[in-house]
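Enquirer: Okay, predicted coordinates and the sequence, questions at the end:
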Amino acid sequence: MCQDIYDTRLIQFVIESYQEILNNHDLNIPYEDYQRDFNYFYIDHTSMMLAWEFEKYFQDYTSEEKIKEIIEFKIGEIKRVTNEELGLFR
């Protein structure tokens, strides 16, 4: 889920598109519930994949420069989504 997407506009597009697909198949979930659940899943998945990125760095599959970019983006996303949900990191 959005593992290698580093564009917040594209991530938002994925979120909206997936909900539209669900709705088109009569799986209607209230927007607030869908957004909350998606955000929780996104935080969980992003945290897990951040650990995987560390492992790739330790195995020399990723450069130091690239791992820094990845960490900055993923931590930024965790903060952004957490702030949307809980109002933290203002």
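Expert: All right, it came through fine.
Enquirer: which SSE is residue 21 in?
Expert: Using DSSP states H and E, residue 21 sits in helix 8-24.
Enquirer: Could you list the buried residues of the next helix or strand after that helix?
Expert: Following helix 8-24 in sequence order, the next helix or strand is helix 31-58 (DSSP H and E). Within helix 31-58, the residues that count as buried by 16 or more other CB atoms under 10 Å are 34, 35, 38, 39, 42, 43, 46, 49, 50, 53, 57. To be clear about C-beta, it is placed using only N, CA and C from the backbone, and glycine gets the same treatment.
Enquirer: helices or strands up against helix 31-58?
Expert: Contacts defined by 3 or more CB pairs under 8 Å, 6 or more residues apart in numbering; DSSP states H and E place helix 31-58 against helix 8-24, helix 64-86.
Enquirer: Can you say which of these is packed in most?
Expert: helix 64-86 (a mean of 14; mean count of other CB atoms under 10 Å).
Enquirer: Of the helices and strands packed on helix 31-58, which is nearest residue 2?
Expert: helix 8-24 (5.3 Å; CB to CB).
Enquirer: and the residue nearest the centre of the chain, how far is that from residue 53?
Expert: Centroid check for the chain by CA atoms, centre = their mean gives residue 42 as the closest residue, at 4.2 Å. Shown here: residue 42 relative to residue 53, a distance of 16 Å by CB to CB, to the nearest Å.
Enquirer: Done for today, thanks.
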